Every structure is written in C-alpha cells, then in structure tokens.
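Participant: Build the 3D model from these lines:
(2 chains)
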Amino acid sequence: MRVGVVTFPGTLDDQDAARAVRLAGAEAVPLWHADHDLKGVDAVFLPGGFSYGDYLRCGAISRFAPLMEELIPAAKAGLPVLGTCNGFQILCEAHLLPGALTRNAGLHYLCRDQGIRVENTATAWTGEFAEGQEIVLPIKHGEGRYVADEATLAELEGTGRVVFRYSGGNPNGSLNDIAGISNEAGNVVGLMPHPEHAVEELTGAPSVDGRGFFTSILKRLVTA
Amino acid sequence: MTVDSVKRALQTPDERLPYAELGMKEEEYLRVKEILGRRPTGSELAIYSVMWSEHCSYKSSKVHLRQFATKAPASEALLVGMGENAGVVDIGDGWAATFKIESHNHPSYVEPHQGAATGVGGIVRDIMSMGARPIAVMDSLRFGGLDQTDTRRVLPGVVEGISHYGNCLGLPNIGGEVVFDPCYIGNPLVNALCVGLLRKDQIKLATAPGPGNKVVLFGARTGADGIGGASVLASATFEDESQAKRPAVQVGDPFMEKLLIECCLELYQADVVVGIQDLGAAGVSCATTELAAKGTGGMAVDLNLVPLRDPTLRPEEILMSESQERMMAVVTPDDIAAFLAICEKWDVPATVIGEVTDSGRLVMTWDGEVIVDIPPGTAADEGPVYHRPYHEPAGQAALNAHVELARPADLGATLLQLLGSANIASREWVTSQYDRYVRGNTVLAQPADAGVLRISESMPGASETTRGIALATDGNGRYAKLDPYAGAQLALAEAYRNVAVTGATPLAVTNCLNFGSPEDPEVMWQFAEAVRGLADACKTLGVPVTGGNVSFYNQTGSAAIHPTPVVGVLGVIEDVAKRVPSGFTAEGLRVVLLGDTADEFGGSEWAHVAHGHLGGLPPQVRLEAERALANVLTTASRRGLLAGSHDLSDGGLAVALAEACLPKGIGATVSLPGEDAFVDLFSESSARALVCVEPERFAALAELCAAHEVSCYGLGETGGTTLTVENAFEIPVATLRETHRATLPAVFG
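Facilitator: Numbers count the residues shown, from 1 in each chain, chains lettered A, B, ... in the order given. This is a model prediction of the structure:
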C-alpha cells in the first residue's frame, strides 16, 4: 500500500506523517506541491505546518498548487485523503470540506494533549475506532476554531459527518466542539489534532491513539 | 548622489566622519585611519563601526573569555570549539551535535515580538551555517516582577514572538527557563538556544578559500530593517530615546527561514558549498569580512548586485542592514549552476555578488567606484581589546553578611506559598504556546528537567542509532549577585545535573553572559568573577565551553541587572529508550533522596518569596559531589534502576516533591531524614536529586550510591492522592496542582 505525503513550502509535519505511515506498514511516497503527479498512490496525507507562512488565510495559497489540481478531482472520485491541522485548513480552502478554521477563541497558539471523541467510524480513516471512543491526540495550532453557517452545521450533524469532537474542554472555541469532519462519501477527512504525533511510546504525545488512523486506512485499502 | 569612494577619501582627507554617532570612540577611529593610511570611506567606517562594536568584537570580554580555552578540560568529544558560528560535539555513531545560546535582550525590550522572534531566527542560522539540520530550540527568559505593569507588555510579546517564529519553522521547543525579578524590568533577557545535528564528516566552516570561487548571497532581500542594530542597539544603554530607536529592530519572516533551512540542507547534500556564513549582526559587513579573513584573504564584491527590498538604500546602509533570513556561501564556478537550481527549487532568491581573490583585500564597488578597500582581518579579528578596570562592588561585603530570617511554623503553607510564587509556578501558560512535538523526535520536553531528543529519524536517510541527546539551560541571578564566581558555577552545576537526571552524560557547555555596563568597574568585576568561576568549574567537571555570547549594557541608568550567566549543557544518552522520565511515574515506588542537605538559604527562593530578602552567601558549590551524583544517575539509568527522577533546585526538596506529584497526579508519603524539617524541605543545597525506584531495586541503587560516595535516603513511597510529609503536612495533589497552575494565567489571562 502506498500513501502519499504532500510537502508544500512551509509544511512541517511531513516527516512525522511519513514515519507514521511507515510504522503502520505502508510505503510513504513523498508528493511535491509543484508536481502534477500523484504517483499512483492509494491514499494521501496532507500534513500540518504553515504552508506559505500562513501569511494569507491558512491554506489559501496551497489550494492553488499544481498538485492540488490533481488531488481535488481524485478526492472527488473517491481517493482517501486525510488532512491534519494545516492540511485540514487546505481541504476547507479547496472546498473538499465545508466551513473554515479561524483564530482560536483564546487568541493564542495552543499546544496540548487533548481529549477527542470519535463520533463516526464509517469513514476511510476511522474504521478501527469504536463509536464514541475517547482518545488523546496532541493539538498545536493558532487557527483551529471550526466555523460554518447554520445550514452547513445542521447538515454535518444530521448526516454524521462530524467525525471528531473535543472532549474535556473545547480548546479553541470550535462550533459544536467540532475537531474534525468528513465529506459526504467519507473518503476525505480533516481534523485539527495530530494523529502522526501519537504513534510511538517513546516520542510525541503520551498516547498511541494516532495509530488507529493508519490501521483504518490500510484495512480499508486491503479490503477495497 | 555622490558616493564616498576611496578616491574621494584620498581627495578629502580632512572630512569629518560621524564615527561617534556610530558608537565608535576617537582612538578607535584613529586606528582605522592608521590601518588604511587614509581616512575611511563612509562604507569602510560602517564596516569597522559594526565589526568593532562590543556585540561583534567582544572587546571588553575577550581578555576574560580566553580562560574558556586556556582552562578547557581535555575532551575527545569536542570537534569544533569556540570562535566558529557554533561549537560541534561528537555524540557517537558518526553523529555530531552543534549547539549555541545567544542573547537578543535589547531588541526584545524595544519590540518584544520581533525582538524575540529574530533572536530565534538568528541562532537557528548559526546552527545551519555549521552544516547541520536544526532539530530543536529552547529559550531562557527573564522579565521584571510578575506584578509589574511592563511585564504584561513584554512577556506576552516575547512569548508570542518565539511561538510564532519557532512554530512556523517547525522546530520543537523543548525547554528553557522563565524567571521574574524586578531587576529585569527595564532589561528583559531573551536568550535563545538552538541545537542541530550533522554527520561528523560534514562540518561546514565560515571560510572563503579558492580565488575565482563565487560569493553568493541568498535568502531574503536586503531592506532598511536593523540598520545600526548591532552597534547602536546592542552596545548602548536605554535611556529616554528608546522609542526613537524602534526602526533598528529587525523584522522576521519564519517562512523564508524554513525555506532557507531546507534549501541549505539540500545544498549540503549536493556538496556544492565550499564555505558558508549566516548574516546576523552586522549583516553583509560581518559575512564578507569574516569569510574573507578565514579564507584565501581576498574578496571582490559589487554591492550594486545585492538584491534590495528598498531600492533607495545607500551602500553604507546595505553594509549595516540586519535584514533577517540571509546567508552567504562560497561556491566553485563548476557548482554554481547546481547551487542556483536548488535555491530556485525552494523559491529562495540567490545572487552572485562577487568572488574570492588572492589580493588580501576586501574590495567593494558601487556604481563602478571602489568604496571599500581594506584588509578584512583588521575588521574581523583585529578589533580593539580593552582591559577594563574592575573592582569588587562597594556594598559586596554588606550584601554577603548573614541576616537571620524568621523561619515559618506552618511548613505546608510555606510550600503552597512557594509553589504558587512567580518563579516556581507552572510555566504552562508560556510553554503551551510552543510546538514541542514537531519532527517527531521529542522524548522529553518541558516541564521535564531537560529536553531529550531521539537522534535516529532526525534526518531522512539517517543511519540507525539508539542514541539521544539531552539539553538544559540554567542560571540564577540572585546567586550570581551574591557571589558571581559561585553563581556561575551553580548555574553550570544545575544544568549539568538536569541533563544527568534524564540519564544522559553531560558533554559540553554553551553560555550566555548577561551583565550591565562593562564601563562600570563593579559590573566588570562581576563579569570577570563569573567567567573565572565558569571556566574553573568546566575544567573540574570535564565539560568544555564550545561557544556562547556576551550581552553587556543590560542596565537602565546606573542600575544594572543581577549578573546573569546562563549556562546550557548538552549530554548524550547511549540508549534513548532508557531515559528517565520526570517525577513519580507509578504508585508503590520508593522515593529516594540523593545527596546531602545543609542549612543554606542565601539567595534562596524562600528568602525571596517569604521575606523579599537577598543577602548572605549562595549554597556551597560542590563539583565533586555533582560529578559523583551524575555518575550515579547515568549508571542507574543504564541499568534500568530508575522509574523517575527530578532535580532539586529552587525551593529545595519540598518543591521537588510537589512537582514530582504533578505529571501523573500521583501522591507520596515521606518522612524527612534530618533533624530540622524546615532545612530538609526548603534548603537549596546543591548536588541533590530526587528519584523513585521499584522497591526491589532500592538495594541496587543504594549499593551504587555507596560505591560513588553519594548519600542515599529512602524517604517513603509513592501513591495516594496527597503529598504527605510526616510531622509536617498533608496536602492533596489537586491543591498542589491548582496552586501551581493558577499564577501565570491570573496575570496574563
């Protein structure tokens, strides 16, 4: 199985994402923002960082990258895509996911180990979790407050597309405590927390709950 | 507009140049004239004024700093010592680590956000220029009193600057210090440390050999920011005009720096770099003179080729500009195309601005006229050297007099008072704004005693190793005020101990020496004593100084800060999986105190918090005991004896016990070994640590301690929801946590 890991100028967690993919037993394939080439990967991970310095809205420039011209139609056609943090912001800017991520309610960048509840296990990236499972993943962002208009929120809630919710305290003021969402088909998932920082006992967050994302997608790809 | 060319300088020998306004003394100006055999041009004066500033030339400190070399202990680990951009240490298995700490104090007072941000940027480029990949940062910060109004302006700005710049660069922030004391109210200290990793055989140096080789300026374009920053800001004391100096603070672009890091690493991998130097203080002046002085000796530069953000800049300003995110490389003509292609891939502007010559002169032209023609070594290495007078401060003996302070009856209340005090309370409000996880190699980060990083996986394609590195910074201005010789040694001892409690073996030292004005003989005495103390202690502990930085003029009017030597220690751990975590990690462990406690309260946190008193003498320095303790800790960690550990420092055993309860919310019940509970709990005697071990391993630990002549006291057992000290107090862990956590948010929101 081959999982692509995208690097934009200013992407920071690409090495972590590639390691998490490798530890799960898949091949991590580097994808470069300036290439019109998905290299035939089976799934794509858009990692976090500050692409283009986040000097405009987060993700607003990356969505126009040559690679995104390939990724957007592929995702719409069913290619599994996971975006974390800046990757989530890029997915929203690219309209693969609805809504937007705005400045944290506390106005500060916040790095902490955060309780998360898994609300939907039917997506391509969450099949190995249990419905309602409480997990711990690190968050680290300054602009992670999820907002959307009422109709969109109602639709997300009504169709089970709120995949993750913050538990034990909302860190950034996200509406409905939303930490992550999916598209209608469930192949595209975006979330602010960082599963790639919670896959090893020795390093990162004091949990290995991030492994579930990678075992989920591998299982999905094998059985697909 | 007329250019002050060499030709014009010869024609107008008597024209007066504004050397005093550039911070240059008359005798220094006369020396420049003597070197050149004529008056300098404006551009030459710009170069000499910044290169001979205190900040760049170390003219007041040099005669003392030499001790770091003359007293240096023999060390097989030291690959590159002082004098380069940063020291490099052999950490085994073919790997080397490079690390350095540097101040950005004055800019951070004027403009906290940008001052602190560019402090991070500058030290990261120093590490890059050694050929290394930067892998982590730390910050040692000092602010005025927590209750002082300006602290609420300076601290949030500094933290936000570090947070924004460091997070955006993708470097984990793994530790450091935050200290509050009214002496820093007008002179906050922002000392930034960066550590980098490289293969032992890939060290790069700042040198420009090989006539015909090209000189490339790459990274950000040059603008008006930071002009005169080095010579004006870093070498002058703030008075009322600090607002007028605002434009001298540089503005950072961390996105460009991130591109620059990845670009440089690809350049190193492609092996297309002969010599490299970052542009920091004194910008193009510093990079060209230092590269040329260490290379073949000559360089020709066409300043018109420097890409500008502001096209109206004059050559003098281009030379002095401290625009951030710039590097200068020396590249062979054969490699230049490959070099420029890699820069283009990363969208990093790169321009050939000159070439290496064998003329022995640094020659620069502007609009076809020669505006600089100097022997580069005279600017880079042969600056003035001052033997500043110094003497013990008039009030030193009175300060050191012992004053009996009333000791408390309620020791539990004293613990809570200390735990919630400005310097001991949780730093989470600060550190939660830093990314500690990025790059995925963080094994320990704050609030652990030292940051620990895994080496393998730190660079793509790197060979496997089980090794890790540990880093800690420490400093105690109050101790140094009471006795600068001992204070510097205690700072080293604490950083050394903090590295050892993680299981790592301390290897090497970097330091940032923050002092008042060197023109004040009493401050100069503090400086001389601190350097002498640190050099002596490094020798005794066998850890060489690899580099560092001096920051003078940290004073407002005649009031200087406490002398504040900040010491960083780097250690190596052979198997990083055996690192010792911080605090009590499970229930049912034996709680053990290592080391001896004496009645030592001079400069202590208790005297500061309970009495607002600073006097007497700091705790005794016991370097042999520190070394023995470190040997016990590293050996015990290697043998897997330790389940958790914590260093004893500010607030003594009581604070260490409370802090050990916090990571996992596990309490403990202990009894005290000595006769005086207050002394046992709050004394700040050095060379001590708290550890916890599985009960069946206690005997092995006790035996190891006996072999190293380290005292070992079984105090009790972990478990429960309270911290209970028999015959003293019983406090719920939840109360400890709340008291510890509440203080900073109450002030900063």
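
Participant: what residues does chain A put near chain B?
Facilitator: For chain A, the residues in contact with chain B (CB under 8 Å from any CB of the partner chain) are A:9-10, A:12-13, A:15-16, A:19, A:49-50, A:52-55, A:108-112, A:138, A:140, A:142, A:194, A:196-197, A:200, A:202-205. All C-beta spots, glycine's among them, are computed from the backbone N, C-alpha and C.

Participant: again, only this time at 7 Å
Facilitator: By the rule CB under 7 Å from any CB of the partner chain, the part of chain A lying against chain B is A:9-10, A:12-13, A:15-16, A:19, A:49-50, A:52-53, A:55, A:108-112, A:138, A:140, A:194, A:197, A:202-205.

Participant: Tell me the secondary structure of the closest residue to chain A within the stretch 501-650 of chain B, please.
Facilitator: Nearest residue of the stretch 501-650 of chain B to chain A (CB to the nearest CB) works out as B:Ala577 at 5.9 Å. What DSSP: H, G, I helix; E, B strand; the rest coil gives for B:Ala577 is helix.

Participant: Setting the sequence-adjacent residues aside, check what's closest to it.
Facilitator: If the residues on either side of it in the chain are set aside, B:Ala577 comes closest to A:Leu202, at 5.9 Å by CB to CB, 6 or more residues apart in numbering or on different chains.

Participant: still on that earlier bit, now intersect the residues of chain A next to chain B with the strands, please.
Facilitator: When DSSP state E defines the strands, the subset of those inside them is A:Leu110, A:Cys111, A:Arg112, A:Pro138, A:Lys140.

Participant: Need the buried ones from these selected in PyMOL.
Facilitator: Per 16 or more other CB atoms under 10 Å in any protein chain shown, the buried members of those correspond to this PyMOL selection:
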select buried, chain A and resi 110+111+138+140
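
Participant: which one of the ones in strands among the residues of chain A next to chain B sits closest to B:Leu259?
Facilitator: A:Lys140 (20.8 Å; CB to CB).

Participant: Any idea what that closest one is bridged to?
Facilitator: A:Cys111 (DSSP bridges).

Participant: need the contact list for it.
Facilitator: Taking CB atoms under 7 Å, 6 or more residues apart in numbering or on different chains, we find A:Lys140 in contact with A:Cys111, A:His194, B:Asp435, B:Tyr437.

Participant: export the ones in strands among the residues of chain A next to chain B to TSV and tack on distance to B:Asn631 and pLDDT?
Facilitator: Shown next, in TSV, are those (distance: CB to CB, whole Å; pLDDT from 0 to 100):
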residue	distance to B:Asn631	pLDDT
A:Leu110	40	97
A:Cys111	35	97
A:Arg112	36	96
A:Pro138	35	98
A:Lys140	37	97
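
Participant: What is the most widely separated pair among the ones in strands among the residues of chain A next to chain B?
Facilitator: Once CB to CB is applied, these give A:Leu110 and A:Pro138 as the farthest pair, at 10.3 Å.

Participant: quick revisit: among the residues of chain A next to chain B, which ones are buried?
Facilitator: Here, 16+ other CB under 10 Å leaves A:9-10, A:12-13, A:15-16, A:19, A:49-50, A:52-53, A:108-111, A:138, A:140, A:194, A:197, A:203-205 buried among the residues of chain A next to chain B.

Participant: Among those residues, name the ones in helices.
Facilitator: A:Gln15, A:Asp16, A:Arg19 (DSSP state H).
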